[in-house]
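Asks: below are the sequence and a predicted model; questions follow.
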Amino acid sequence: MLRLIFGAFAAASLGLLISGSAHAAKPFPSPSAPAPVFYRSVKVDGLDIFYREAGVANAPTLLLLHGFPSSSRMFEPLLARLSAQFHLLAPDYPGFGHSDAPDPQAFAYTFDHIAEVMQHFTETVGSSHYVLYMQDYGGPVGFRLAVAHPERASRL
């Protein structure tokens, strides 16, 4: 029951984000042919960081920060659904999904460090302005990004 309530809240929040007001919120049209999702990897702080990218390059960017124990894979349906309106970036954190998983003796798996890697990821892919979409682990990571560079995060 609680998962259903949180799921409904998340869906309503995304509708408000996109529409700007509760009165204008409308269901998303189902695309007849989903836009392609690109699977990429970039070198960030010596690590291969895997990410999924979709949408229009000059549209507003949504930075999709996944939860635990998940990866950017959790956003596949959202990538297909929103790619006509947004530029979407969904990275895998170090140690998650298809990104490198360095030895814990050599890499601090803390929210501070993961946020630093994600900040460098956004800089590496040239995304200096974005909307943060956060789920679970994405909250502590995303809020650190927003606090460190509030001029980059236009919305949460």
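Replies: Sure, I can see it.
Asks: list the residues that contact His66.
Replies: Each residue near His66 by C-beta atoms under 8 Å, 6 or more residues apart in numbering is listed here: 72, 74-75, 90, 92-93, 96-97, 135-138. Yep, even glycine has a C-beta here, placed from its N, CA and C like the rest.
Asks: and Val44, by the same measure?
Replies: Neighbours of Val44 in contact, by C-beta under 8 Å, 6+ apart: 117, 120-121, 124.
Asks: of those, closest to Leu82?
Replies: Here the nearest of the contacts of Val44 to Leu82, counting by C-beta to C-beta, is Phe121; it sits at 19.8 Å.
Asks: wait, that closest one sits on Ala90?
Replies: No - look at Phe121 against Ala90 with C-beta atoms under 8 Å: they stay out of range, at 10.9 Å.
Asks: intersection of neighbour lists for these two?
Replies: Counting by C-beta under 8 Å, 6+ apart, the shared contacts of Phe121 and Ala90 are Tyr51.
Asks: report the central residue of this structure.
Replies: In the chain, the centroid-proximal residue (C-alpha atoms, centre = their mean) is Leu64; its distance is 1.0 Å.
Asks: which residue packs closest to it, ignoring adjacent ones?
Replies: Distances taken as C-beta to C-beta, 6 or more residues apart in numbering put Ala90 closest to Leu64, at 4.0 Å, once the chain neighbours are dropped.
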